[in-house]
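Asker: For reference, the sequence and a predicted model appear below.
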Amino acid sequence: MVFYFNGAGKEADSINHFLYAQYAPFHPELYVNHWAKPLFTFLASPFAQFGLIGIKLFNILCVFGASYFTFKIVSKLRFKQAVLAPIFYFSFPISFVTTFSGLTEPLSAFMLIGSIYLFQHKKYLTCALLISLTPFVRSEGLIFLAVFAFFFIYLKNWKALALLSFGHIVYSMIGYFHYQEILWVFTKIPYAHLSSHYGSGSLFHFAEKLNYLMGIPLLVFFILGTIRILAGWKRMRIASRLVMILFLSFFIAHSLFWYLEIFNSMGLKRVFAAITPLMAIIALFGFDLFNKIIVDSSRKGLMAISLLLIFVFPFTSNPAAVDWNDLNLTDAQENARSVAAYLKEKGEVNNRFIYTDPYLSYALKVDPFDGEKHQILAQNEGIVSPTLKSGDLIIWDNWHSVVDYGVSPDMLSNLEFIEGFSQEKSIYKIYRKE
């Protein structure tokens, strides 16, 4: 699938994380960039040197690692159908979209489920060390830290509780040499704002999107599993409670972020790929309950039909199934490739480029962090920035330039128009500074 589908992830975040990882060896300060997520950048960087295929292979390794720990956890919980948990994980439509991308969710899922495995086996100190690093893969790691802190307090394991600070202490010291600020791990968090310019939505936004995350058949078992765990809370093992509380904390937090318009929440459902192994475990609780309550005479047939629905559903045309087009380049990315091909054909590859679409960096093979080769096309009070130099090539697009940086084509009217490209709803225009 990695070689068959040529996608880079539908969102700019995917290609941006890839670019940070690819160019970090040439710009070491990128290893402590809080938006890029330092630990992800460090671990993914060797794979990113092999291009988008490399970083997708990295995410596949994370997914297989997460599926292994998911299997081990449910096996210790004495599920006869333990092998189904990782299969459920693979069957979630959201798993396909995030695995074949440069996004950070697969690594976050791997580290989270690995931490739960260590906790389940009472390796609390190692668990604390691992979970302490998750905020440097995704900001939701702070939620995970809070939940594990609660459980370590409950267990009165003060050493493990203290070790939850390990990740912040280590990265505070590493980043100090760049930022000259020991508290940069807090002050440089890009989402630490009680506002968001992405808007807000319903408090039940993510509840309504759950079927798109896991598909309708697995959603049914997930709901059953949630009811079973909550109804039998006192009888549940501590690992099962940990799984449920982690999911609920993540779910409630993101619902509130989107509803209250805080922490730059965009209401993106793909963030739940960071906890999909937990959702697979909860769904197995529901599947096991279903297996126990149906009558013996029809059990095998109903179980077979249920599994068939789960396995086939991602490949159907249902809106909640996998959209395989999401695994290929978008129209805008295809259009960006046309722009890059045109410029290479014209020999216009040694200029300084001014653009906002990150995919152009990959298509043009331009180091986006080298100020002599690339600058962001932006505007300040209606004036285009940066200061343009003679020979600069400006590439405007109708999404990133407009939405992210507020640059309209009218602001470029004093420049020499070179060529325009259009594909579906995507528009790119090339200008030159004389």
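Answerer: Good, I have the coordinates.
Asker: can you point me to the longest helix in the protein?
Answerer: Longest helix of the chain, by residue count under DSSP state H: helix 52-76.
Asker: Buried residues in that one, which are they?
Answerer: Within helix 52-76, the residues scored as buried using 16 or more other CB atoms under 10 Å are 52, 54-56, 58-59, 62-63, 65-67, 69-74. Backbone N, C-alpha and C define where each C-beta goes, glycine included.
Asker: Could you do stretch 145-155 as well?
Answerer: Those buried within stretch 145-155 under the rule 16+ other CB under 10 Å are 145, 147-149, 151-152.
Asker: now do stretch 415-426
Answerer: Neighbour count says stretch 415-426 has 415, 418, 421, 423, 426 buried, by 16+ other CB under 10 Å.
Asker: The last one: what's it in contact with?
Answerer: To tie it back to what came earlier, the one meant is S426. S426 makes contacts with 330-332, 334-335, 397-399, as judged by CB atoms under 8 Å, 6 or more residues apart in numbering.
Asker: partners of it in the sheet?
Answerer: Counting by DSSP bridges, S426 is bridged to Q423.
Asker: any idea how far it lies from P358?
Answerer: 15 Å (CB to CB, to the nearest Å).
Asker: got any ranges where the stretch 301-434 of the chain has weak pLDDT?
Answerer: Low-confidence segments of the stretch 301-434 of the chain, defined by pLDDT under 70, are absent.
Asker: what about the helices in it?
Answerer: All helices of the stretch 301-434 of the chain, identified by DSSP state H, counting those that start in this stretch, fall at 331-345, 359-364.
Asker: how about the residue nearest the centre of the chain, what does it touch?
Answerer: When CA atoms, centre = their mean is applied to the chain, the residue found nearest the centroid is E105 (3.6 Å). Applying CB under 8 Å, 6+ apart, we find E105 in contact with 98, 138, 270-271, 273-274.
Asker: correct me, but S338 touches F421?
Answerer: Yes - contact criterion CB atoms under 8 Å: S338 and F421 qualify, at 5.3 Å.
Asker: The stretch 101-250 of the chain: helices as residue ranges?
Answerer: 105-120, 124-131, 141-155, 158-163, 166-179, 184-187, 205-214, 216-231, 238-260.
Asker: want to try TSV for those, with distance to M266 as columns?
Answerer: Formatted as TSV, these follow (distance: least, CB to CB, whole Å):
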stretch	distance to M266
helix 105-120	14
helix 124-131	25
helix 141-155	17
helix 158-163	33
helix 166-179	25
helix 184-187	22
helix 205-214	11
helix 216-231	23
helix 238-260	8
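Asker: right, and those helices - which one's nearest I310?
Answerer: Nearest of the helices of the stretch 101-250 of the chain to I310, taken as CB to CB: helix 216-231 at 4.7 Å.
Asker: relative to helix 238-260, how tilted is the closest one?
Answerer: 110 degrees (axes from the mean of the first three to the mean of the last three CA atoms, to 10 degrees).
Asker: Which of the residues in helix 216-231 are classified as buried?
Answerer: Buried, per 16+ other CB under 10 Å, within helix 216-231: 216-222, 224-226, 228-229.
Asker: What of stretch 340-350?
Answerer: Quick answer for stretch 340-350 (16+ other CB under 10 Å): 340, 343, 348.
Asker: my read: the first one touches L360, true?
Answerer: What it means is A340. Yes - counting by CB under 8 Å, L360 is a contact partner of A340 at 6.7 Å.
Asker: quick one, phi psi at V2?
Answerer: phi -60, psi -40 (degrees, to the nearest 10).
Asker: Now for K76: which residues touch it?
Answerer: 120-121, 239.
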